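Visitor: Sequence and predicted structure, then a few things I'm wondering about:
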Amino acid sequence: MCGIAGVAGWATAPDETTATLRRMCAAIEHRGPDDEGHFVAPGIGLGMRRLSVIDVHAGHQPIGNEDGDVQIVFNGEIYNHRELRARLEACGHRFATHSDTETIVHGYEEWGDRVVDQLRGMFGFAIWDARRRRLLVARDRLGIKPLYYWVKDGGLAFASELGSLRALPGFDAQIHAPSVLRYLLFGYVPEPDAIYAGVRKLPPGHTLTWEPGSAPRIQRYWTPVRDEVAMDERDAVEELRRLLDESVRLHLESDVPLGAFLSGGIDSSTVVALMARQLDRPVRTFSIGFDDPRFNEAPHAAAVAKAIGTDHTELILRPDADALLERVITMYDEPFADSSALPTYLVSALARKHVTVSLSGDGGDELFGGYTRYAERLGQRELPALARQAIGGVARLLPHGARGRNRLLDMGRSARGRYAATVASPLPGAEGGVVRASLLRGMGDDVTMDGALGALFDEASGRDFATQMMLVDMQSYLPGDILTKVDRASMAVSLEARVPLLDHVLAEFAVTVPARLKMRDGTGKWLLRQAIEGIVPPAVLTKPKQGFGVPLGQWFAGPLRHRIDGLLRERSEIAEYVEPGAVARLHAEHVSGRRDHSMMLWRLLVLETWLARASLPAGVRAPDLADVATFVGA
């Protein structure tokens, strides 16, 4: 696991290019504290920071082919690298290391850009082909690893995190207003946009190619959208069980200590139980809990750990909400409002004290129908368009807070609109939003709740609506929120997080499964539950779903009250984006207890805090646990 950075196409002296790479790599030292490497040639510079996991002693990057005219920097892990190595050696390629990185170099020589089709893993990499004067940049299929790029003056720069781009000479860190609006819509800045003007994210399952004198070319090489496959229930259960076992086995390769996050829920328990079957030693598992029992999963995790027989470590914490907010928000490249980022950081920091690699259960909900919104929409019909328009019009005439207004608004939405209302927040004041009307004018449908996701729904329109929602989530919420959260929180403490449920072979099978096998009688993950029966402790299958959350309502009334009051300041950081009256209304309704606006207030608070610190020097400095929490028990 590493952080990568590079520049191409700018006429700078070699020592100047090296100095630039050093600054870019310094900003992501947390991603790779063990080693640093550079490759510099006319018109190209590649840099990396390495967290040594596989072939610890010989895997220094950049790595080249036999004659050095193909060079790579790579972030991630390739889980089928041994199989690929054997195939490539049979074709005559000679390896100098045992690292998975070198497999990609020789794979590129053999298969060209289609090397991405052969890779089973998580990755962001850049390959410089000196013979063709050509750069290939690629991101893994599901967006587990990040990749940003910036084009200027005929050249480009790329990096694992925005901090590296901010370290570039001449980089203009101008906030991109449409991205702020999309952040307020979703709670994160969705691909391909970034918070800074001119910067883009390479979308999951895409490659970027660049040659001198040409604009970058972006191509898609993979999509999760597949046709439904008719399958026998028993066969589907057996195939899923086989794929789960195979994926976890592949994700266990490591030359450094390895463990797993454990919440006691279905997904993390599945991963841990399968790890226990494959390892000849107890699995190291980690969980954190809060002293508020409503937000404490630790007892569930401890019970599962005992049943499976893991070597379990847990901490019960009383977070310092103010310090935790301030420190964790600044770990993220962009405004990021998933409040579960806070406990994700805490459990990552705990795990890093014992291991270098930790497996996680993320992805199970999107692949196997775990969210309530899927089961609620299964088989649901929408009203005719004219009826929806009439109902929506009546709803918008009612004052905010009027009884039944939200219900009428929901009835007036299309099926896509009702879905969007569960994952996004309205922006216009007429719909309960807070964004200045002047900013919304001319923005188009891409900043409306359903319009922003329309293209993804269109692509998946051949499937039933519940499956469409899952496919949309896999290409928006999953990379933009869930995977961003885990990557930044874990890498901030130099911990590699792996997600075996998002192995692309497993994902390709999951998306072909009919919705009726994923959800049954209002319960999600039916097929997954059948596949893991007898593998996980029985209590896991009956435990109600519990999010990995924090007590925002309690914090807003106590330690964070001064911060939400600060949103009303005339000179607040968010003032240029929001209507003061709308923010005051949300604040008053929430503080009085009339309505719960925790989600939007948190988004505004995160944006306020992030903007206030955006001008500080790039780079992450993760706090020690003792700086942001009091230990209540262990």
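Guide: Structure received. Numbering: from 1, shown residues only.
Visitor: alpha carbons only for contacts and neighbour counts from here, please
Guide: Noted.
Visitor: Leaving out the residues flanking it, which one is nearest to Ile127?
Guide: Ile72 (4.5 Å; C-alpha to C-alpha, 6 or more residues apart in numbering).
Visitor: That neighbour is in what secondary structure piece?
Guide: In this assignment (DSSP states H and E), Ile72 forms part of strand 70-78.
Visitor: Sheet partners, orientation included, of that strand?
Guide: strand 63-64 (antiparallel), strand 121-129 (antiparallel) (DSSP bridges).
Visitor: Now the last one: average pLDDT?
Guide: Taken as a whole, strand 121-129 carries a mean pLDDT of 98.
Visitor: What lies in contact with that strand?
Guide: 4, 44, 69-80, 105, 134-141, 143-147, 160, 503-504 (C-alpha atoms under 8 Å, 6 or more residues apart in numbering).
Visitor: if we go to 7 Å?
Guide: Applying C-alpha atoms under 7 Å, 6 or more residues apart in numbering, the contact partners of strand 121-129 are 69-79, 134-140, 144-147, 503.
Visitor: same deal with the first one?
Guide: Taking C-alpha under 7 Å, 6+ apart as the criterion, the residues outside strand 63-64 that touch it are 70-72, 102, 105.
Visitor: Same list, the residues you listed, but as JSON lines with neighbour count please.
Guide: Compiled in JSON lines, the contacts of strand 63-64 are given as follows (neighbours: other C-alpha atoms under 10 Å):
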{"residue": "Val70", "neighbour count": "22"}
{"residue": "Gln71", "neighbour count": "21"}
{"residue": "Ile72", "neighbour count": "26"}
{"residue": "Glu102", "neighbour count": "26"}
{"residue": "Val105", "neighbour count": "24"}
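Visitor: Grab the two from these that are most spread out in space.
Guide: Val70 and Glu102 (10.5 Å; C-alpha to C-alpha).
Visitor: was I right about Val73 contacting Gln61?
Guide: Yes: between Val73 and Gln61 there is a contact under C-alpha atoms under 7 Å: 6.2 Å.
Visitor: All the strands of the stretch 251-400 of the chain, in order from the start?
Guide: Counting by DSSP state E, counting those that start in this stretch, the stretch 251-400 of the chain has strands at residues 258-261, 284-290, 311-319, 357-359.
Visitor: SS state for the residue nearest the centre of the chain?
Guide: The residue lying closest to the centre of the chain (C-alpha atoms, centre = their mean) is Leu483, at 1.9 Å. Classification of Leu483 by DSSP: H, G, I helix; E, B strand; the rest coil places it in helix.
Visitor: what's the spacing between it and Leu560?
Guide: 27 Å (C-alpha to C-alpha, to the nearest Å).
Visitor: what's the answer for Ala126, then?
Guide: Ala126 sits 42 Å away from Leu560 when distances are taken as C-alpha to C-alpha.
Visitor: neighbour count winner among these two?
Guide: More neighbours surround Ala126 than the other of Ala126 and Leu560, with 27 against 20 (other C-alpha atoms under 10 Å).
Visitor: To what extent is the residue lying closest to Leu342 once chain neighbours are set aside buried, counted in neighbours?
Guide: Nearest residue to Leu342, sequence neighbours excluded (C-alpha to C-alpha, 6+ apart): Val328, at 6.5 Å. Val328 has 25 neighbours, counted by other C-alpha under 10 Å.
Visitor: One more: the one 3 residues further on?
Guide: Here the neighbour count serves as a burial measure; for Met331 (other C-alpha under 10 Å) it reads 23.
Visitor: Same check on Lys353?
Guide: Neighbourhood size, Lys353 [other C-alpha under 10 Å]: 10.
Visitor: Repeat that for Phe95.
Guide: Neighbours of Phe95 using other C-alpha under 10 Å come to 17.
Visitor: What distance do you get for it to Arg82?
Guide: Relative to Arg82, and taking C-alpha to C-alpha, Phe95 is found at 12 Å.
Visitor: same check, this time on Pro319
Guide: 43 Å.
Visitor: give me the beta-bridge partners of Val151?
Guide: Counting by DSSP bridges, the residues bridging with Val151 are Leu156.
Visitor: Renumber starting at 10 from here on
Guide: Taking 10 as the first residue, the last one we looked at is Val160.
Visitor: Check it and give its pLDDT.
Guide: pLDDT at Val160 comes out at 96.
Visitor: Show me where the stretch 360-509 of the chain has its helices.
Guide: Assigned by DSSP state H, counting those that start in this stretch, the helices in the stretch 360-509 of the chain fall at 373-377, 381-386, 394-406, 414-420, 424-432, 446-449, 463-468, 474-484, 486, 493-500.
Visitor: I'd like to know how many residues surround Gln539.
Guide: 19.
Visitor: would you say it is within a helix?
Guide: Yes: when three-state DSSP is applied, Gln539 is found to be in a helix.
Visitor: which residues sit in contact with it?
Guide: So Gln539 contacts Val246 (C-alpha under 7 Å, 6+ apart).
Visitor: The residue nearest to Phe104 when sequence neighbours are not counted in helix, strand or coil?
Guide: Nearest residue to Phe104, sequence neighbours excluded (C-alpha to C-alpha, 6+ apart): Glu111, at 7.2 Å. Counting by three-state DSSP, the backbone at Glu111 sits in helix.
Visitor: Next, work out how far apart Pro408 and Arg59 are.
Guide: Between Pro408 and Arg59 the computed distance is 56 Å (C-alpha to C-alpha).
Visitor: Compare these two (neighbour count), which wins?
Guide: Shown here are Pro408 and Arg59; by other C-alpha under 10 Å, Arg59 has more neighbours (28 against 11).
Visitor: Surely that one and Pro42 touch.
Guide: Yes: the pair Arg59 / Pro42 is scored as a contact, 6.3 Å apart, by C-alpha under 7 Å.
Visitor: mind checking the longest helix of the chain?
Guide: If you go by DSSP state H, the chain has its longest helix at helix 242-259.
Visitor: And that one, how far out from the chain middle?
Guide: Put simply, helix 242-259 sits 24 Å off its chain's centre (C-alpha atoms, centre = their mean, to the nearest Å).
Visitor: Would you mark the buried spots in it?
Guide: By 16 or more other C-alpha atoms under 10 Å, the buried positions in helix 242-259 come out as 245-246, 249-250, 252-259.
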